[in-house]
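S.K.: From the sequence below, what's the structure:
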Amino acid sequence: MISMNLKEISAAIEAEVKYADLESRVTGKVVIDSRKVSPGDLFIAIKGENVDGHDFAAQAIKQGAVAVILSKELPGVPSLIVTAGNINSKEVDQPTVIALGKLAKYLLQRLPNLWKIAVTGSSGKTTTKDLLAELGKLVGPTVAPIGSYNNEIGLPQTVLECDENTKVLILEMGARQVGNIKHLCEIAKPDTSIILNIGTAHAEIFTSPEKIFQAKSEIIECLSSADVAILNHEDPQFNQHKTKAKIISFGLPGSQVSAKNVILNENAQAQYELEYDGKNSVVSLKLIGAHQVSNSLAAAAAFLQKGIAIEDVSKVLSNATPKSKWRLQIEKSKNNVTVINDVYNANPESTKSAIRTLKQIGEGKNTFVILGEMRELGNLSKQLHEDVAELIHELDIKNTLVIGNGAKPIYDYLLKHEYSGKVIFVDGIDSALVKAKEIIRANDVVLVKASRSIGLERVANAIVQDFSDNLSNTNNQEVGL
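M.R.: Below is the predicted model of the structure:
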């Protein structure tokens, strides 16, 4: 962060200063975890589900924090007290969270020449963010979020990593309701916004596809005529987008930034010819899955339209390696079982992409798909799980292990439609571990996929370790063929 004194910070966030010298200077970082506080930092106390940062304010000062941003006075603690809670969103109701956003917005005003790229979509945000971060190095020092820092707390933290040397800022934007991305755009004011796709993730929260479209579209509605909107030409709703910005399309030939002659190798890694403005360059991705072509095109579009040479863009994309764990992460056990660990999260689009990847990598081998529930799908849950089952049937995946009642429509569909493979249903992870140990053999290829809260990393890790951990012989409520 740019070095600032408390007088400047308090003015930016509209805070009252208590027990602190206005000339005291923050020379370190803005921190929300008291365990990570170092001398010169500014600590922001945020109330979480289980822990209230206010309880650790005094400890943060002992560790060297210059001051603490609080929503209530704590006697003797050098503090900036904020009370305003006027953001119209149930997701942003804490004064200290609002103050965090205000401070990030103020810092960006101090960096008027910073190029700000924002990305959203129903799937692929984090991978594309990682690719954008690699490409940013072609321009200069780049700041990008670690993991999925894409909400009203994570995004300002990313912004506050910038300083006078930063040239490119990459921002991932997620939404839990209409208005969330609009709020993030009010903080960051991106110059370039990317919508990767608009699918059915969080259908339960948004209640309708129209609401999902409305929420994601906020990332381009905030743009001016001097800005750039990068949109997926293959998305069915491409022509419905409204923005003042210049539109750059990406996708198959016919798009402004396109891929032709796409081929996948035996590891489901794509090679294609990148095309833009009459120029071509070959990209050979190290990332896993055919869907990475679209993600890489979106990232390429941001830099190609900025004037970066197509050869430089293709070289960076070809050298990029996965940065975030549990996203189509390929691991092998000592028994040569190939595990496609994709348990970071799941929605219908990403699950189908993962199953297609399993088919590609497992060609000629015994294939397993181990699936838990895709959550937050509301009334569409049964149908969307059945759609996944239909793809399993269509691609002739050899074995399907379904975990938990939320995912049971997959099992029911496969039974009803005379699935030629072996299908098993178990009630929970312990049962799944026992059953997987029984049926998985050397040289098999296994995909493990579910929403993050299901916890299927336990299953993926056990398979990679050849089930070396002691497994309790729990009751296995199998219903199978």
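S.K.: Just give the number of residues close to Val459.
M.R.: Per other Cβ atoms under 10 Å, the neighbour tally for Val459 reads 26. All C-beta spots, glycine's among them, are computed from the backbone N, C-alpha and C.
S.K.: The chain - how does it break down into domains?
M.R.: Per the record, the chain has its domains at 4-89, 111-319, 329-480, by automatic domain parsing.
S.K.: closest to Ile98 out of those?
M.R.: The minimum distance between Ile98 and those falls on domain 4-89, with 5.5 Å, by Cβ to Cβ.
S.K.: gap between the closest one and the chain center?
M.R.: In terms of Cα atoms, centre = their mean, to the nearest Å, the centre of domain 4-89 is set 28 Å apart from its chain centre.
S.K.: Average pLDDT for stretch 296-303, rounded please.
M.R.: Mean pLDDT, stretch 296-303: 98.
S.K.: what residues does it touch?
M.R.: By Cβ atoms under 8 Å, 6 or more residues apart in numbering, the list of residues contacting stretch 296-303 from outside reads 117, 119, 124, 128, 131-132, 135, 138-139, 192, 194, 196, 228, 230, 232, 248, 250-251, 255-259, 274, 276, 283, 285, 287, 313-314, 317, 320.
S.K.: For Ile440, give me the pLDDT.
M.R.: 96.
S.K.: Going by neighbour count, list what's buried in stretch 218-236.
M.R.: Across stretch 218-236, burial judged by 16 or more other Cβ atoms under 10 Å covers 218-223, 227-233, 235.
S.K.: now stretch 414-421
M.R.: Along stretch 414-421, these residues count as buried under the neighbour rule (16+ other Cβ under 10 Å): 414, 419, 421.
S.K.: just stretch 255-273 next, same as before
M.R.: Neighbour-count burial for stretch 255-273 [16+ other Cβ under 10 Å]: 255-259, 264, 268-272.
S.K.: What is the most widely separated pair among the residues you listed?
M.R.: In the buried residues of stretch 255-273, the most distant members under the criterion Cβ to Cβ are Gln256 and Ala268, with 26.6 Å between them.
S.K.: mind showing which ranges of the stretch 351-481 of the chain have poor pLDDT?
M.R.: The model of the stretch 351-481 of the chain has pLDDT under 70 over residues 469-481.
S.K.: how about the strands in it?
M.R.: Remark: strands assigned in the stretch 351-481 of the chain by DSSP state E, counting those that start in this stretch are 367-371, 399-403, 422-426, 445-449, 479-480.
S.K.: Which elements pack onto the third one?
M.R.: Taking 3 or more Cβ pairs under 8 Å, 6 or more residues apart in numbering; DSSP states H and E as contact, the helices and strands that strand 422-426 lies on are strand 399-403, helix 408-416, helix 429-439, strand 479-480.
S.K.: between the third one and strand 367-371, how many degrees?
M.R.: Spelled out, that is helix 429-439. Interaxial angle of helix 429-439 relative to strand 367-371 (axes from the mean of the first three to the mean of the last three Cα atoms, to 10 degrees): 170 degrees.
S.K.: now helix 429-439 against strand 399-403, angle please.
M.R.: Angle of helix 429-439 versus strand 399-403, following the same axes, to 10 degrees, is 160 degrees.
S.K.: Can we start the residue count at 95 from this point?
M.R.: In the new numbering, first residue 95, that becomes helix 523-533.
S.K.: Run the chain-centre distance for helix 523-533.
M.R.: On the basis of Cα atoms, centre = their mean, helix 523-533 sits 29 Å off its chain's mean C-alpha point.
S.K.: Which residues are in contact with the residue nearest the centre of the chain?
M.R.: Nearest to the mean C-alpha position of the chain, by Cα atoms, centre = their mean, lies Thr220 at 3.6 Å. Counting by Cβ under 8 Å, 6+ apart, Thr220 makes contact with 241-242, 266, 418, 421, 438.
S.K.: any residues touching stretch 330-343, and which ones?
M.R.: For stretch 330-343, contacts defined as Cβ under 8 Å, 6+ apart pick out 287, 289, 292, 307, 311, 314-315, 317-327, 349-351, 395, 399.
S.K.: Strands - which of those land there?
M.R.: 287, 289, 322-326, 351 (DSSP state E).
S.K.: before we move on, the earlier item: which of the contacts of Thr220 count as buried?
M.R.: 242, 266, 421, 438.
S.K.: Which of these sits closest to Glu480?
M.R.: Within the buried ones among the contacts of Thr220, the smallest distance to Glu480 is 23.4 Å, found for Tyr438 (Cβ to Cβ).
S.K.: Isn't Leu485 up against Lys446?
M.R.: Yes - under the criterion of Cβ atoms under 8 Å, Leu485 makes contact with Lys446 at 5.4 Å.
S.K.: Same drill for the two, tell me which one is more crowded.
M.R.: Neighbours per residue (other Cβ under 10 Å) separate Leu485 from Lys446, with Lys446 holding more: 20 against 16.
S.K.: which ones are touching that one?
M.R.: Residues near Lys446 by Cβ under 8 Å, 6+ apart: 481-482, 485.
S.K.: if we go to 6 Å?
M.R.: Leu485 (Cβ atoms under 6 Å, 6 or more residues apart in numbering).
S.K.: Equivalent analysis for Val433, please.
M.R.: Applying Cβ under 6 Å, 6+ apart, the residues near Val433 are 425, 540, 554, 557-558.
S.K.: can you rerun that using 8 Å?
M.R.: Val433 neighbours (Cβ under 8 Å, 6+ apart): 424-427, 540, 542, 554, 557-558.
S.K.: if we can go back for a sec, any chance of JSON lines for the buried residues of stretch 312-330, columns pLDDT and distance to Ile464?
M.R.: JSON lines is the format used below for those (pLDDT from 0 to 100; distance: Cβ to Cβ, whole Å):
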{"residue": "Glu312", "pLDDT": "97", "distance to Ile464": "36"}
{"residue": "Ile313", "pLDDT": "98", "distance to Ile464": "34"}
{"residue": "Ile314", "pLDDT": "98", "distance to Ile464": "37"}
{"residue": "Glu315", "pLDDT": "97", "distance to Ile464": "40"}
{"residue": "Cys316", "pLDDT": "97", "distance to Ile464": "41"}
{"residue": "Leu317", "pLDDT": "98", "distance to Ile464": "42"}
{"residue": "Asp321", "pLDDT": "98", "distance to Ile464": "43"}
{"residue": "Val322", "pLDDT": "98", "distance to Ile464": "41"}
{"residue": "Ala323", "pLDDT": "98", "distance to Ile464": "39"}
{"residue": "Ile324", "pLDDT": "98", "distance to Ile464": "35"}
{"residue": "Leu325", "pLDDT": "98", "distance to Ile464": "35"}
{"residue": "Asn326", "pLDDT": "97", "distance to Ile464": "30"}
{"residue": "His327", "pLDDT": "97", "distance to Ile464": "34"}
{"residue": "Asp329", "pLDDT": "92", "distance to Ile464": "30"}
